[in-house]
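Just the structure for this:
(one chain, ligands or ions: 1)
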Amino acid sequence: MSIQENLEHLSNACGVTGREDEVRSLMIKLLKPHADQIIVDKLENVIALKKGKKNAPKIMLAAHMDEIGLMVKNITKEGLLQFAKMGGIDDRILLAQKVLVYTINGPLHGIIGSKPPHIQKEEERKKIITYDELFIDIGAESKEDAAKKGVKVGDPVGFDAKYAKISGDTVIGKAFDDRVGCAIMIETLKLLEKTDCTIYAVGTVQEEVGLRGAGTAAFNIEPDIGIALDVTVAGDVPGVREIDTTVKMGKGPALSVTDAGLITHPKVLRLLIDAAEENKIPFQLETGLMGATDAARIALSRQGVPSGSVSIATRYIHSPQGMLSLKDALDSAKLTAAAIQRIQKKF
Ligand SMILES: [Zn+2]
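Below is the predicted model of the structure:
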């Protein structure tokens, strides 16, 4: 399947952080044709192993399978669901969103509601409504009715948004953070049909709540190099200054020099830049962003692992809808594959 088809399926699947099951099954299916072995570890990271030459360098690729979302925290007597946030979510984007509540009996449709603005006092209307004043309305009549529908405290809640191609290479959808990384990782393996290195392509769990899966996977794999495939902020909308970021959607993969969790190992940065330049793949350098990727955790595994990241400039990340360029995604796979082909020996 093409990178676009893979991204569509991955984006539409649900994998609220810590409940990545649906994405994991899909990843196993999509990675299998390009790997010698598929391993699911104890935290349920998916590891696709592609064996290289004997004593070849071990490369760990990481793309997280989880997405930001919500979790049912309390069911009111009226049958409304109060919720906790899973991962970094801005309260301002929650109101009136369509969501799916994943119950034991299957998903239920719901809308995030609040007290109607018509009956709010003037001061109230000026305030941001925080998540603990909001609720999910699944059309239940009472707490008992909600329970009958299968809702339980702890059920994951995902945003209800469908993938679409809107023009040229531009697509919209949910959970591009980090399903686009997952799609790029599959594509990279596809491009690396022949390679001397041994590749561990890891779909990680629980990235959005602290890069957790990447930590245990890296400990287990003991890679010589780590590369995270993820998204980054696109700075091409009004209000973003050049000093904030110069990275733009459609202008090539972003190579992070530093972020809040990692100073990219200079040899890894050089490797990525050389691979891009030699293959005439456009790229953008970025520094100083808040936030981190799985590379931050891989880099500090055991005695340390030279690590870096290749990211896709994505608009509206950590909201129910994102926008990105498929060309950037394909170029990221090409760049990552070309970089791995340049690795002859351990760093
Ligand atoms: Zn991410």
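
number of nearby residues for whatever residue of the stretch 1-150 of the chain ends up closest to the ion?
Taking Cβ to the ion, the ion has its nearest neighbour within the stretch 1-150 of the chain at residue 64, 5.6 Å off. Just so you know, the C-beta spots here come from the backbone N, C-alpha and C atoms, and that holds for glycine as well. Using other Cβ atoms under 10 Å, residue 64 has 31 neighbouring residues.

and if you look at residue 88?
By other Cβ under 10 Å, 12 other residues sit near residue 88.

how about the nearest residue to it, chain neighbours excluded?
residue 318 (5.5 Å; Cβ to Cβ, 6 or more residues apart in numbering).

Can you report how many residues neighbour that neighbour?
There are 18 residues near residue 318, going by other Cβ under 10 Å.

OK, contacts around residue 237?
When contacts are counted by Cβ atoms under 8 Å, 6 or more residues apart in numbering, residue 237 is found next to residue 315.

Tell me the spacing between it and residue 46.
34 Å (Cβ to Cβ, to the nearest Å).

so where does the residue in the stretch 201-347 of the chain that the ion sits nearest to fall, helix or strand?
Nearest to the ion, among the residues of the stretch 201-347 of the chain, is residue 230, at 4.4 Å (Cβ to the ion). Using DSSP states H and E, residue 230 falls within strand 225-233.

Alpha carbons of that strand, as PDB, please.
In PDB, the C-alpha atoms belonging to strand 225-233 read as follows (Å, rounded to 0.1, in the frame of the first residue of the first chain):
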ATOM      1  CA  ILE A 225      21.800   4.900  16.700                       C
ATOM      2  CA  GLY A 226      18.200   6.100  17.400                       C
ATOM      3  CA  ILE A 227      16.000   8.100  15.100                       C
ATOM      4  CA  ALA A 228      12.500   9.300  16.000                       C
ATOM      5  CA  LEU A 229      10.000  10.000  13.300                       C
ATOM      6  CA  ASP A 230       7.500  12.500  14.500                       C
ATOM      7  CA  VAL A 231       5.700  15.800  13.800                       C
ATOM      8  CA  THR A 232       6.600  19.300  14.600                       C
ATOM      9  CA  VAL A 233       4.900  22.700  14.700                       C
END
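
strands paired with the next helix or strand after it, and their directions?
Counting by DSSP H and E, the next helix or strand C-terminal to strand 225-233 is strand 254-256. If you go by DSSP bridges, strand 254-256 pairs up with strand 284-286 (parallel), strand 307-314 (antiparallel).
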